[in-house]
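K.L.:
Return a 3D structure for these sequence lines:
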Amino acid sequence: MWTRELIKTRAKEVLKLTYWKAFVISLVLVLVGGDSGIGTSGSNIRGSRSHQMRGFIGQPGYDYEPYFNVTLFIIIIITAVLLFRILVGYALEVGGRRFFKQAAQTDVNMGYLGSAFKRESYTAVTLTMLYKGVLIFLWSLLLIIPGVIKSYAYSMVPYILADNPNIGYSRAIQLSNQMTDGHKFDMWVLDLSFIGWYLLGMLLFYVGVLFVKPYENATKAELYLILRQNALDNAYCTWDELLMENPI
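P.N.:
Okay, the predicted model is just below:
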C-alpha cells in the first residue's frame, strides 16, 4: 500500500539532485501536450457581434469567402497540432516518463527523452498512445465521469511503454487497468493535493506553475514504481515482459 506522503517524500529526495533537469523535461512535456490540457482562450464570442453576423449571413450578395478562409485556416491549425501531438508528442511523453522513472532509481540521463524515437520503438509507441487517446475520447463521449475514470485507468500506459515499447497496445491497456484497479480514487486525491501548489504558482502570472511540474511528475513516477511492483508481486505481469531483470 502507498500513501501520498510516502511518494511525495521520495519525489522530493530525487528532485534535490535532479530538479533542473527534471524542469527541462517537464517543460517539454507541457509544450507537446503530454502534461496538460490545451486551453481555448478564444472560445468566448461577444453576443452583439454574433447577432450582427446572423443579421448579415443569408442576405443577398453576402460574401462567404472571408469566413470560409478563416474556418479553413482554423481546421488546418487544429490538424497540424493533432499531427504534431501524435507524431512527436506521444514519443516525447513516453521518453519523459522514462526519464522520471529512471531518475527515481538514481539513473539520471536526459537522453531518455528521445528514447521512444528509436526505429524499433517509435511505431509501436505512437500507435499504442494513439489507441489510448482514442479510447479515452470515446469514453468521454458518454459522460465526463467515465472519461475521467478511464483516464486514470490508462494513466500508466506511458510508463509501461517506457519499460517495454513493444508490449502491444492491448496488453499495455490491460496492464494499466490492472495496476490502477483499486487505486483510482487515491490517485484522484493525489492530484488534488497539488492544487495548493498550482494556486501558488498562478500568483506569478502562471509561470510558477511550470516550477511545480517536476514535483508532480517525479511523484507520479514514484507511484508507477509502486504499482509496477504490486503488479509483479500479484503476477499481473512478469519481469521479462517489462524487459527487467529479476533481482532474485
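K.L.:
V14 touches K101, doesn't it?
P.N.:
No: at 10.6 Å, V14 does not count as touching K101 under the criterion of Cβ atoms under 8 Å. Using the backbone N, CA and C atoms, a C-beta is placed for each residue, glycine as well.
K.L.:
neighbours around V207, how many?
P.N.:
Neighbours of V207 under the rule other Cβ atoms under 10 Å: 10.
K.L.:
Tell me which residues touch the closest residue to it other than its chain neighbours, please.
P.N.:
Nearest non-adjacent residue to V207, counting by Cβ to Cβ, 6 or more residues apart in numbering: G201, 7.5 Å away. Taking Cβ atoms under 8 Å, 6 or more residues apart in numbering as the contact definition, G201 lies against V207, G208, V209, L210, F211, V212.
K.L.:
Cross the residues you listed against helices and list the overlap.
P.N.:
Using DSSP state H, the members of the contacts of G201 that fall within helices are V207, G208, V209, L210, F211, V212.
K.L.:
how close does the fifth one sit to L203?
P.N.:
Counting by Cβ to Cβ, to the nearest Å, the gap from F211 to L203 is 12 Å.
K.L.:
And the two? Which one has more around it.
P.N.:
More crowded of F211 and L203, by other Cβ under 10 Å: F211, with 16 against 10.
K.L.:
wouldn't that one be in contact with V24 here?
P.N.:
No: contact criterion Cβ under 8 Å: F211 and V24 do not qualify, at 11.9 Å.
K.L.:
What are the phi and psi values at the residue most central in space within the chain?
P.N.:
By Cα atoms, centre = their mean, the chain has its centre lying nearest to G34, at 3.8 Å. Dihedral pair for G34: phi -90, psi 0, per degrees, to the nearest 10.
K.L.:
ok, it - contacts?
P.N.:
G89, Y90, L92, E93, G96, P158.
K.L.:
how about the residues you listed in TSV, adding neighbour count?
P.N.:
Listed next are the contacts of G34 as TSV, based on neighbours: other Cβ atoms under 10 Å:
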residue	neighbour count
G89	21
Y90	25
L92	22
E93	25
G96	30
P158	27
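K.L.:
Pick the one among the residues you listed closest to L127.
P.N.:
Y90 (9.0 Å; Cβ to Cβ).
K.L.:
just checking, the closest one touches M129?
P.N.:
Yes: when contacts are counted by Cβ under 8 Å, Y90 is listed as touching M129 (3.8 Å).
K.L.:
quick one: low-confidence parts of this protein?
P.N.:
36-64, 248 (pLDDT under 70).
K.L.:
For it, which segments count as strands?
P.N.:
Applying DSSP state E to the chain gives no strands.
K.L.:
Tell me which stretches of it form helices.
P.N.:
4-31, 47-56, 65-84, 90-103, 119-142, 144-153, 157-163, 169-180, 184-192, 195-202, 207-233.
K.L.:
now these as CSV including distance to W239?
P.N.:
Below are these laid out as CSV (distance: least, Cβ to Cβ, whole Å):
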stretch, distance to W239
helix 4-31, 22
helix 47-56, 60
helix 65-84, 35
helix 90-103, 15
helix 119-142, 19
helix 144-153, 23
helix 157-163, 10
helix 169-180, 13
helix 184-192, 24
helix 195-202, 35
helix 207-233, 7
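K.L.:
Of those, which is nearest Y112?
P.N.:
helix 90-103 (4.2 Å).
K.L.:
CA atoms only for that closest one, dumped as CSV, please.
P.N.:
C-alpha atoms of helix 90-103 as CSV (Å, rounded to 0.1, in the frame of the first residue of the first chain):
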residue,chain,number,x,y,z
TYR,A,90,3.5,10.8,-27.9
ALA,A,91,7.1,9.7,-28.3
LEU,A,92,8.4,12.6,-26.2
GLU,A,93,5.8,11.9,-23.5
VAL,A,94,6.9,8.3,-23.2
GLY,A,95,10.5,9.4,-23.2
GLY,A,96,9.8,12.0,-20.5
ARG,A,97,8.1,9.4,-18.3
ARG,A,98,11.1,7.1,-18.8
PHE,A,99,13.4,9.9,-17.6
PHE,A,100,11.4,10.4,-14.3
LYS,A,101,11.0,6.6,-13.8
GLN,A,102,14.8,6.1,-14.2
ALA,A,103,15.6,9.2,-12.1
